[in-house]
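Trainee: let me see the structure of the following:
(2 chains)
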2 protein chains.
Amino acid sequence: MSYSEQFLREAIRLSEEKMKAGEGGPFAAVIVQDGTIISKGWNCVTSENDPTAHGEMEAIRKACATLKTFSLEGCEIYSSCEPCPMCLSAIYWARLDALYFAGSMADAAAAGFDDRFFYDEVSKPWNARTLKTEQALQNEAQKVFKAWINNPGKAEY
Amino acid sequence: MSYSEQFLREAIRLSEEKMKAGEGGPFAAVIVQDGTIISKGWNCVTSENDPTAHGEMEAIRKACATLKTFSLEGCEIYSSCEPCPMCLSAIYWARLDALYFAGSMADAAAAGFDDRFFYDEVSKPWNARTLKTEQALQNEAQKVFKAWINNPGKAEY
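Mentor: Okay, here's the model as predicted:
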């Protein structure tokens, strides 16, 4: 597959429609498989009381529910804006093949969104971030990881 | 508030219980407000067919549903492992006050999880990542951002 303007334009159209409907911030995304849109997501953080409900996240969750799989290999995502680090990481976890976006992180920042600051924070080691963070009980967690490694019936992802 | 061992131990206990129940990977988290656990989340990626269903994400979504808010300011999260960049960014979006974790990213990597690779990718500019990425139609998205900026009734987050 390769970039198709109609899908990116649909993501932008949806971002405007849902923003005007009061769903949340001006962001939306669609996921395409074999030339067809299989899911649409839009920001509904404030209307759904869910800080994780960004356009890309919603599109990924809906596509996986429709296809009954946790892998979107073979699919591509079109987003009205460059994804924040949460959504970008979700795109990797979902194993999407490609990302096409319209607005930039600078555009989002100019509209008052924190994506750029979060990218800076995520890029730092945990003990250098502004978020208060502490580590403890590492050896107890390691025992659980060992049990995972030694579990022959596990479903990997 | 400050670190309390009982909550981190509960996150670790939950990670083991849910992994053994076949819910997903060995990860769980709890969110604490005023000394009380208000939500528990665990990885259910493979059982729920949702690549975004990490322990921290689930705990955040449940806490917000319970408190009927998109901001968890005043709350803290305890995670059985250092969060992946998706979950870390969600912690920032949720405005949590602090993060306490047990296992490290290296422990997760040794158990076969991709968190470290994703941190490396997220830290790069979009045109330097392994994920195929393209930008287009930026001016059309900018029009929607302008409409957001000029909307006096918007709910900010």
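Trainee: do a quick rundown of the helices in chain A.
Mentor: Remark: helices of chain A, listed N- to C-terminal, are A:5-20, A:45-48, A:55-67, A:85-93, A:105-110, A:115-122, A:138-149; assignment by DSSP state H.
Trainee: and of those, who's closest to B:Thr69?
Mentor: helix A:45-48 (9.9 Å; CB to CB). To be clear about C-beta, it is placed using only N, CA and C from the backbone, and glycine gets the same treatment.
Trainee: using PDB, list the CA coordinates for that closest one.
Mentor: Taking only C-alpha atoms (Å, rounded to 0.1, in the frame of the first residue of the first chain), the coordinates of helix A:45-48 have been written out as PDB:
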ATOM      1  CA  VAL A  45     -10.800  13.100  26.100                       C
ATOM      2  CA  THR A  46     -13.100  15.600  27.600                       C
ATOM      3  CA  SER A  47     -16.400  14.200  26.600                       C
ATOM      4  CA  GLU A  48     -15.600  10.600  27.600                       C
END
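Trainee: what comes into contact with that helix?
Mentor: With contacts defined as CB atoms under 8 Å, 6 or more residues apart in numbering or on different chains, helix A:45-48 is touched by A:22-25, A:51, A:53-54, B:70, B:93, B:155, B:157.
Trainee: ok so, going back, please identify the most buried of the helices of chain A.
Mentor: Here the criterion is mean neighbour count by mean count of other CB atoms under 10 Å in any protein chain shown, and of the helices of chain A the winner is helix A:85-93, at a mean of 28.
Trainee: quick check: which of the helices of chain A is nearest to B:Glu140?
Mentor: Put simply, out of the helices of chain A the one that sits nearest B:Glu140 is helix A:5-20, at 5.1 Å, with distance taken as CB to CB.
Trainee: okay, the angle between the closest one and helix B:138-149?
Mentor: The directions of helix A:5-20 and helix B:138-149 differ by 0 degrees, with axes from the mean of the first three to the mean of the last three CA atoms, to 10 degrees as the criterion.
Trainee: what packs against helix A:5-20?
Mentor: In terms of contact count using 3 or more CB pairs under 8 Å, 6 or more residues apart in numbering or on different chains; DSSP states H and E, helix A:5-20 is assigned the packing partners strand A:28-33, strand A:36-42, helix A:55-67, strand A:75-81, strand A:98-103, helix B:138-149.
Trainee: bridging residues for the spatially closest residue to A:Glu58 that is not a sequence neighbour?
Mentor: Taking CB to CB, 6 or more residues apart in numbering or on different chains, and ignoring the residues beside it in sequence, A:Glu58 has A:Gly41 as its nearest neighbour in space, at 2.9 Å. Per DSSP bridges, the residues bridged to A:Gly41 are A:Ala29.
Trainee: could the helices and strands packed on helix A:5-20 be laid out in JSON lines, adding distance to A:Glu121 and mean pLDDT?
Mentor: Converted to JSON lines, the helices and strands packed on helix A:5-20 look like this (distance: least, CB to CB, whole Å; pLDDT from 0 to 100):
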{"stretch": "strand A:28-33", "distance to A:Glu121": "23", "mean pLDDT": "98"}
{"stretch": "strand A:36-42", "distance to A:Glu121": "24", "mean pLDDT": "98"}
{"stretch": "helix A:55-67", "distance to A:Glu121": "19", "mean pLDDT": "98"}
{"stretch": "strand A:75-81", "distance to A:Glu121": "19", "mean pLDDT": "98"}
{"stretch": "strand A:98-103", "distance to A:Glu121": "21", "mean pLDDT": "98"}
{"stretch": "helix B:138-149", "distance to A:Glu121": "23", "mean pLDDT": "97"}
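Trainee: save the ones you listed as a markdown table, and put in distance to B:Phe101 too.
Mentor: Rendered in a markdown table, the data for those read as follows (distance: least, CB to CB, whole Å):
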| stretch | distance to B:Phe101 |
| --- | --- |
| strand A:28-33 | 29 |
| strand A:36-42 | 29 |
| helix A:55-67 | 22 |
| strand A:75-81 | 29 |
| strand A:98-103 | 29 |
| helix B:138-149 | 35 |
